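Peer 1: build me a model:
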Amino acid sequence: MSEFKQLYSPLLEGAVWYPAVEWALEGSSVGHWLLESDSLSRRLAAHCRVFSVTVLEQKIVNNGELSLSERALLGMSDCLERTVMLQGDQQSWVYARTLIPTSILCGEESDLAELGTNPLGYRVFNGSNARRDALEIAKLGMPERPIWARRSRLWINEKPLLVAELFLDGSPVYARK
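Peer 2: As a prediction, the model looks like this:
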């Protein structure tokens, strides 16, 4: 297990998620990032010279290892769990955890298990058959210096995935314009 996973995984696991509409983030600089409905990877890539993905871990987890809210959003399937670090110019910006039900890893979606260092967002938002729903936001850390996270369900060909993203301190989400 990587040092990053040991550090950031507990933050996502302990997050208290609230529907995005409860935060009144529209129009704020943070809200523009947290409410993004398209590919976060593409948006991050526009803020650096070199965008990269580091795979921290990828493994199968049984549905008993998922939280109740994760099972409610995905169903009772075992999942492929993929944890990655999204980086801009070699700086870690986003720690992300994706759950992909093993039941969808066939046919057109079989490549989701073999993304390697390719961004999930590039694959999912590559066509018109992708959408995001169930967007939830969590505010972690100290009130004077919060760490924001978001969780959403992505649909590709009407098949669900669940992505949780923790925006790290150096991320463009915190940049002041």
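Peer 1: neighbours of the closest residue in space to residue 102 that isn't next to it in sequence, just the number please.
Peer 2: Using Cβ to Cβ, 6 or more residues apart in numbering and skipping the chain neighbours, the partner closest in space to residue 102 is residue 78 (4.8 Å). C-betas here are computed from N, CA, C, even on glycine. Residues lying near residue 78 (other Cβ atoms under 10 Å) number 16.
Peer 1: show me what contacts residue 78?
Peer 2: 60, 61, 62, 63, 101, 102 (Cβ atoms under 8 Å, 6 or more residues apart in numbering).
Peer 1: which among the residues you listed end up buried?
Peer 2: Buried members of the contacts of residue 78, scored by 16 or more other Cβ atoms under 10 Å, are 63, 101.
Peer 1: out of the contacts of residue 78, which one has the lowest pLDDT?
Peer 2: pLDDT across the contacts of residue 78 is lowest for residue 63, at 90.
Peer 1: which residues touch that one?
Peer 2: 71, 76, 77, 78, 79.
Peer 1: before we move on, back to that, and the residue nearest to residue 102, what pLDDT?
Peer 2: In this prediction, residue 78 carries a pLDDT score of 94.
Peer 1: do you know how far it is from residue 93?
Peer 2: Remark: distance between residue 78 and residue 93 (Cβ to Cβ, to the nearest Å) = 30 Å.
Peer 1: could you do residue 51 as well?
Peer 2: In terms of Cβ to Cβ, residue 51 sits 9 Å off from residue 93.
Peer 1: would you mind listing the outside residues contacting the helix or strand residue 60 falls within?
Peer 2: Element membership for residue 60 (DSSP states H and E) is strand 51-61. Contact partners of strand 51-61, identified using Cβ under 8 Å, 6+ apart, comprise 1-2, 4-5, 41, 44-45, 78-88, 90, 99, 102, 113, 116-119.
Peer 1: likewise stretch 116-131?
Peer 2: 37-42, 51-55, 82, 84, 86, 96, 98, 111-112, 115, 154-158, 161, 163.
Peer 1: kindly recompute the last result at 10 Å.
Peer 2: Under the contact criterion Cβ atoms under 10 Å, 6 or more residues apart in numbering, stretch 116-131 has outside partners 36-45, 51-55, 58, 82, 84, 86, 96, 98, 100, 108-109, 111-112, 115, 132, 152-159, 161, 163.
Peer 1: just to revisit the earlier point, note down every partner strand of the strand holding residue 60 and its orientation.
Peer 2: Here strand 51-61 is paired, per DSSP bridges, with strand 79-88 (antiparallel).
Peer 1: please save the CA atoms from the partner strand in PDB.
Peer 2: Extracted C-alpha coordinates of strand 79-88, given in PDB (Å, rounded to 0.1, in the frame of the first residue of the first chain):
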ATOM      1  CA  CYS A  79     -16.100  -4.000  -7.700                       C
ATOM      2  CA  LEU A  80     -12.800  -3.200  -9.200                       C
ATOM      3  CA  GLU A  81     -11.300  -0.500  -6.900                       C
ATOM      4  CA  ARG A  82      -8.800   1.800  -8.600                       C
ATOM      5  CA  THR A  83      -6.900   4.400  -6.600                       C
ATOM      6  CA  VAL A  84      -4.800   7.000  -8.400                       C
ATOM      7  CA  MET A  85      -3.100  10.300  -8.000                       C
ATOM      8  CA  LEU A  86      -3.700  12.900 -10.600                       C
ATOM      9  CA  GLN A  87      -0.700  15.200 -11.000                       C
ATOM     10  CA  GLY A  88       0.100  18.400 -12.900                       C
END
